[in-house]
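Student: Just need the structure, nothing else, for what follows:
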Amino acid sequence: MARTRYVQSLAGVSALQEVLAAPAFLDIRTLSIAFETDPAVVAELLPPPLAPAAAPRTTVSVSEIRRSNCVGPFNGAAINLACTYKGEEGLYCLTMPMDTGLAVTFGRELFAEPKKLAEISLDVAGGNARGRVSRHGITYIELTGRFEGQPAEPALHYVVPHYYFRFLPAANGRGLAFDPELIRVTHRGTVHRAVRGEGTITFRESRHDPVIDLPVLSVTGATLSEGETHTSAEVVTTVAAEAFLPYAYGKLDDLLEWADTPVTA
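Tutor: Predicted coordinates:
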């Protein structure tokens, strides 16, 4: 029998595993904007064995998640690139900031989602919506949307695979500890209400979050939606650590900022 809460009982382990196996995110409100970007940049950003989709789709979103069965309420954002794996279409997430520590660690450790702690807001008033993501004093993602009319109720069901790479740096700081796992997280969800409109995207320069390197050539649409999503995951393959290494450090802030700073005794 466990004597402290640092060590779970068998019943506690079983209950926690049920949550880890079936996370649910409910009462989600999302401002999502689709845009065209440079296909060559997308091809450079996708780690093999992922490949660009035949019809390139890139989206940036800011969401307010008001209920979940695992981490409580939180705000989050994401930039997703359309990709394929063995011919199956899906999404590769370039970055996924969150505004609570639990939301960061839950998805990062379980699914290897590229999460960082950030200040995130989604404001909706009348037909206008604005989403902001800030870190290190820089609002490096800012979205606006303009919508006319009331949200429709399409009850749209979707199943979308999302791909992430799980890895750890080697303990000596050189290379990776093991060959990364490619994880497929399947999102099964429902859009309860949605309205389409026009939007703008502003990416600002940030040394630690260089989203501005993804050019916004044109905005193709904006959506304000409400819905829910349920997730499950599996490891589909492993990739060679040496081949993945150039992509690994994109999850981190730029540590060289502090390495370049003189250290005084």
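Student: Show me where the stretch 1-150 of the chain has its helices.
Tutor: Using DSSP state H, counting those that start in this stretch, the helices of the stretch 1-150 of the chain run over residues 10-21, 39-45, 101-111.
Student: Out of those helices, which one sits most buried?
Tutor: Mean neighbours per residue, mean count of other Cβ atoms under 10 Å, is largest over those for helix 101-111, with a mean of 18. Yep, even glycine has a C-beta here, placed from its N, CA and C like the rest.
Student: Residue 191 and residue 233, how far apart?
Tutor: 22 Å (Cβ to Cβ, to the nearest Å).
Student: re the thing from before, out of the helices of the stretch 1-150 of the chain, nearest to residue 207?
Tutor: Shortest distance between residue 207 and the helices of the stretch 1-150 of the chain, using Cβ to Cβ, is found for helix 39-45: 17.9 Å.
Student: Tell me, how many residues neighbour residue 174?
Tutor: 8 (other Cβ atoms under 10 Å).
Student: now it: how far from residue 242?
Tutor: 12 Å.
Student: before we move on, what about residue 85?
Tutor: Residue 85 is 20 Å from residue 242, by Cβ to Cβ.
Student: Strands along the stretch 1-150 of the chain, start to end?
Tutor: With strands called from DSSP state E, counting those that start in this stretch, the stretch 1-150 of the chain shows them at 24-36, 51-52, 58-68, 74-85, 88-95, 119-125, 128-135, 138-147.
Student: what's near enough to touch the spatially most central residue of the chain?
Tutor: Central residue check for the chain by Cα atoms, centre = their mean: the C-alpha nearest the mean position is that of residue 96, 3.1 Å away. Residues near residue 96 by Cβ atoms under 8 Å, 6 or more residues apart in numbering: 76-78, 107, 113-116.
Student: Which of those residues sits closest to residue 213?
Tutor: residue 114 (14.8 Å).
Student: The closest residue to that closest one other than its chain neighbours: neighbour count?
Tutor: Spatial nearest neighbour of residue 114, excluding adjacent residues (Cβ to Cβ, 6 or more residues apart in numbering): residue 251 at 4.8 Å. Look at residue 251: counted by other Cβ under 10 Å, it has 17 neighbours.
Student: repeat for residue 206
Tutor: 20.
Student: repeat for residue 194
Tutor: 18.
Student: Which residues does it form beta bridges with?
Tutor: residue 152, residue 225 (DSSP bridges).
Student: again with residue 121
Tutor: Residues in beta-bridge contact with residue 121 (DSSP bridges): residue 132.
Student: for it, what are its contacts?
Tutor: Applying Cβ under 8 Å, 6+ apart, the residues near residue 121 are 62, 75, 130-132.
Student: Farthest pair within those residues?
Tutor: 75 and 130 (12.8 Å).
Student: Among the two, which residue is more densely surrounded?
Tutor: More neighbours surround residue 75 than the other of residue 75 and residue 130, with 23 against 16 (other Cβ under 10 Å).
Student: my guess is the more buried one meets residue 65, correct?
Tutor: Yes. With contacts counted by Cβ atoms under 8 Å, residue 75 reaches residue 65, the gap being 7.1 Å.
Student: Please enumerate the shared neighbours of those two.
Tutor: Counting by Cβ under 8 Å, 6+ apart, nothing touches both residue 75 and residue 65.
Student: where does this protein dip in pLDDT?
Tutor: Along the chain, segments meeting pLDDT under 70 span 1-2, 154, 260-265.
Student: Format the helices of the stretch 1-150 of the chain as CSV; extra columns: distance to residue 55.
Tutor: Output for those, formatted as CSV (distance: least, Cβ to Cβ, whole Å):
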stretch, distance to residue 55
helix 10-21, 33
helix 39-45, 11
helix 101-111, 25
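Student: do you know how far residue 253 is from residue 142?
Tutor: Taking Cβ to Cβ, one finds residue 253 at 20 Å from residue 142.
Student: Find the residues that touch each one of residue 174 and residue 242.
Tutor: In contact with both residue 174 and residue 242: no residue, using Cβ under 8 Å, 6+ apart.
Student: Sweet, I'm off.
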